[in-house]
Structure formats: C-alpha cells, structure tokens
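Visitor: here is a sequence with its predicted model. Questions after.
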Amino acid sequence: MDLRTTLATLPVEIRQCILEELISLRDLQSAILACRALTAAYYTSRSLIRQTVFLKEYHSLTSGAAKGPVLVSACRRVERLSRNSPTDGLILGEALWPTLLADGELTSTVEFYVWSSDLAEAYRAAGLEDNARAVEVQTWQTIRLTPPPNRQSCWAEAGQDDPRLAWLRRMSAACARHSSHCHGQALLRQAWCDLRGEGWLPTGRIRHKTGHILVTCTADVCRGEDGVADALSRQSTMAEAWDFLRQVAYDRHIDGAFCMICLDAAKTLAGALKGEIELLELERVWREIPPRSYTFRPWSWLFVEGHSVRLDGVLKIWERLREVPDARQFEEYDLEWAREVIQELRKQKHRSEGTKQALTFQASVFALFDPRMHQYYAFGRNLADAYTKTGDFEEAIHVREQMMRNTESSSGVYKSSGLALAHLYRKLGRHGKAEDSEERIEQDLSEHRS
C-alpha cells in the first residue's frame, strides 16, 4: 500500500493534523496538490489549517532573526495573496493579529499599523463590521500603551509620517466610507483626549501639522450622519478639534494670531459644520483672534461662510470691530466690512426693506467718520446719492449740509459739494436757499483766491 492510499484510510482529523504540522504555506500548497486525501481534509478546515501553518512559519522565521524585517515580508506576502483571494488576506491577517498585539517590539512599527488597517478593511469587505471595529479599538488601546518614539518631535519632522497618525487617517476614511461615523467619532474623541493629555502632540510648528492631521480625521468622521444621537456625537467630537485650534492660538505666533496651518485645518473642519449650534465652536475660536490682526480677515471670511445667512456673519464681524474700535485703521480695515454689510442688506429678499436697512446702516457708519479722514467726502456723497435715489431728499440735504459744514473752502471738493446741495434745494423748490448756497460758494472761493 503506497503512502497516498494509506493517507486516504486515515480519519479526516488525522489528515488535518498532518497538514497543520507543515512549516510553510508553500509546503502546504505542495501537499494538497500532491494528494487528493490531503486536499479533501484541507477543504474541510481550510481557514484553521492556513492560519496554523502561517503562524508556525512566522514564528520559525522570527526565532533566529529580527522581527521587523520578517513582519515586513509577511505584510507583502499577505498583500500579494489578497489580490488573488481577498478571503486569504482575511484568514492570514486574522491569524497573526493576536501575536502582533502581544509583541511590544512590533507595536511601534509602520507594519503593525498597516496590518491593523488592512485587517479592518478585510473584515468590512466581508461584511464583518463588528470585527473591524474591535480591531480598531484594540489598535487604539495599543497606541495608548506604547510610548511615542520621541515626545519632543514627530516622525513627520524627518520627512516621514508618524504611523499612528497614518493609521488614524486610514481609520477615519474607512469609517466615513462604511457609514461607521459614531464609532470613528468615539475613537477620535479618545485620541484628542489622550494625545493632548499625555503629551503626544509635539511642540512648535510640528505640533500644528500634527494637529492638522487630527482635525482632518475629525472632519472625515463628522460628515454624513443624521439623527439626534449622531448629532450629539458629532458635536462633541468637533468640539474637541475646535478646542485644540483655540489652545494653539497663542503658540508663539506674532500678536497672538493663528498660523496658516491652523486656518487650513479650520477650513477642513468647517466643511463638516451642520447648523448654528456647531457654528458656535468656530465662533468661540474666532472671537479669541485679535481684531484687525494679520489672520483676523481670513478667519473672519471662514466664519462668515459658515452661516446659512451670510448677512448674519458679516454683521457679527462688524459688531466685533466696534467692540474694539481703532480710528487709525477705520478707513483701511473697518470700511471693507461695512461695505460687505451694506451689500448683504441690499441683497435681502424684500428689496425695499433691505434698501431701507442698508441706508440706516450706511448713515450709522458715516456718523463714525472723522471729517479729516480721506474717505469722508466719498462716503458721505454716496450716502446722499443713495437717499436721493430712494426719493428721500430731506435726508440727502441733511447729509450734504453736514458735509459742507465740515469742508474747508480750500478743499478741491468744496465747490462740487456746494453745487450738489444747491441742486437738492431746487428739487424741493427751495430756490432761495439754492441761490444763497451758490452765492456763498462763490464768495468763499473768491476770498480763498485772494
């Protein structure tokens, strides 16, 4: 009786044990191709047999060599096998995962985090969402127990990515793709708490780059859900990210302003905002930026775009500037926002009401001018013309009279301003006042020339 015939007479359990004693997947493949009896036994317990042999092969390779290179090779092999059979990737990834978790030497390597991400993705591809979440929770627990390579710097400083941050990015993107938002948000909340509390975030510019990555992850998992529970989870998660941006506001920046890295992170996070409640977190950060500082304008535009009604945002900007008035920057800075408010008021649905509100606001801005300011005459002229267009000649005359009182006869606009006032008098039939105004202009100009 030859060996193949003998093997066929053995119970299937014995044949399975024979296969499990092989020392490599290559030997396993050769065995099942060589003998039908072993092939039949193999397919009755394929997953367990492959896992057992794979583990045995891994341990035999690491017994006499450094574990890092062996894990790199194992990663490549599983990746290659997964292309032909996704099920194989799941079987082998699942087999080695407990060993990797227990090996403190490997939990800080890039391959450990790649293995975790690939295994979670394989579980999701197989419809095993709970298993994928369990792997991600275990990975985060491992991160918490593993000290960073260097508490004073990040691997990104050397041009490489911190594998923990790379894993967080992949985890967040996977949760967003598979609608596992609340799970991802829970991990991100823990990440914000742990990374800040344990000092894992580096200092200086690298701190901001690292924070930017975490903010991006937060934005990824905070898009797309509905429902009260989801909203509460999203709001608390986003609050952690906004709180980070608020805390780094004064990390050695000129005049306490935010850096452009933080602004870019805020833009990403603002893209996930839903409703006025979540906007409050952005507003809380924005209010700590000194008005008229270098970054006040870009952050203010970000704040404005977060409003469903743009007018509400620009009005808040104007009110903030009025809380800290600065006459030296009024013309160069404040007027820009005043004009934005005027434009938004005019765009309102009820046009006539919007025009009226715009005129009222424009008049309040004009009252803030010092007559010695360069734009005093231009702004007043525009206000008077706006009143004229609406047929409110009395208010137009009031503005023009005020301008004339504050305009020297030596000014280049004195004559044109006076003639415009005389024209308004005639519009209302006050010809005597018009003539008096014109005579006074000629007299003042004559005295000035002499």
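Guide: Cool, got the structure. These numbers were taken from a predicted model, which means no experiment stands behind them.
Visitor: okay, now the domains of this protein?
Guide: Following automatic domain parsing, one gets these domains for the chain: 161-281, 382-450.
Visitor: run through this structure and note the low-pLDDT ranges.
Guide: Where the chain drops to pLDDT under 70, the residues are 1-4, 62-67, 146-161, 195-207, 224-229, 249-260, 275-277, 349, 448, 450.
Visitor: give the helix, strand or coil label for Phe369.
Guide: Put simply, Phe369 is coil when judged by DSSP: H, G, I helix; E, B strand; the rest coil.
Visitor: got a list of what it touches?
Guide: 330, 375-376, 379-380 (Cβ atoms under 8 Å, 6 or more residues apart in numbering). For glycine as for every other residue, the C-beta is placed from the backbone atoms N, C-alpha and C.
Visitor: chain neighbours aside, what residue packs nearest to Asn406?
Guide: Nearest residue to Asn406 in three dimensions, chain neighbours excluded: Pro371, at 3.6 Å (Cβ to Cβ, 6 or more residues apart in numbering).
Visitor: buried stuff in stretch 331-342?
Guide: Residues of stretch 331-342 classed as buried: 331, 333-335, 337-338, 340-342 (neighbour count, 16 or more other Cβ atoms under 10 Å).
Visitor: hey, which of the domains of the chain is tucked in deepest?
Guide: domain 161-281 (a mean of 19; mean count of other Cβ atoms under 10 Å).
Visitor: tell me where the stretch 101-250 of the chain has helices.
Guide: 110-125, 129-145, 163-177, 181-197, 204-221, 228-247 (DSSP state H, counting those that start in this stretch).
Visitor: send me the last one as PDB with only the CA atoms.
Guide: In other words, helix 228-247. Output in PDB follows, covering the C-alpha atoms of helix 228-247 (Å, rounded to 0.1, in the frame of the first residue of the first chain):
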ATOM      1  CA  VAL A 228     -30.300  63.200  17.400                       C
ATOM      2  CA  ALA A 229     -27.700  60.700  18.700                       C
ATOM      3  CA  ASP A 230     -25.500  61.100  15.800                       C
ATOM      4  CA  ALA A 231     -25.700  64.900  16.000                       C
ATOM      5  CA  LEU A 232     -24.700  64.900  19.700                       C
ATOM      6  CA  SER A 233     -21.700  62.600  19.000                       C
ATOM      7  CA  ARG A 234     -20.600  64.700  16.000                       C
ATOM      8  CA  GLN A 235     -20.900  68.000  18.000                       C
ATOM      9  CA  SER A 236     -18.800  66.700  20.900                       C
ATOM     10  CA  THR A 237     -16.200  65.300  18.600                       C
ATOM     11  CA  MET A 238     -15.900  68.500  16.600                       C
ATOM     12  CA  ALA A 239     -15.800  70.500  19.900                       C
ATOM     13  CA  GLU A 240     -12.500  68.600  20.700                       C
ATOM     14  CA  ALA A 241     -11.000  69.700  17.400                       C
ATOM     15  CA  TRP A 242     -12.100  73.300  17.800                       C
ATOM     16  CA  ASP A 243     -10.700  73.300  21.300                       C
ATOM     17  CA  PHE A 244      -7.300  72.300  20.000                       C
ATOM     18  CA  LEU A 245      -7.400  75.100  17.500                       C
ATOM     19  CA  ARG A 246      -8.300  77.500  20.300                       C
ATOM     20  CA  GLN A 247      -5.500  76.300  22.500                       C
END
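Visitor: tell me the angle of the helix or strand following that helix relative to helix 228-247?
Guide: As assigned by DSSP states H and E, the chain's next helix or strand after helix 228-247 is helix 260-270. Inter-element angle recorded for helix 260-270 and helix 228-247: 170 degrees (by axes from the mean of the first three to the mean of the last three Cα atoms, to 10 degrees).
Visitor: which phi and psi does the nearest residue to His59 once chain neighbours are set aside have?
Guide: Sequence neighbours aside, Thr99 is the residue nearest to His59 in space, at 8.0 Å (criterion: Cβ to Cβ, 6+ apart). According to degrees, to the nearest 10, the main-chain angles of Thr99 amount to phi -70, psi -40.
Visitor: quick one, what contacts Thr99?
Guide: 55, 58-59.
Visitor: compare those and tell me which is most surrounded.
Guide: Greatest neighbour count in the contacts of Thr99, by other Cβ atoms under 10 Å, goes to Tyr58: 22 neighbours.
Visitor: and it, what element?
Guide: Counting by DSSP H and E, Tyr58 is found in helix 46-62.
Visitor: sort out which residues of the next helix or strand after that helix are buried, please.
Guide: As assigned by DSSP H and E, the chain's next helix or strand after helix 46-62 is helix 67-84. Neighbour-count burial for helix 67-84 flags 67, 70-71, 74-75, 78, 81-82 (criterion: 16+ other Cβ under 10 Å).
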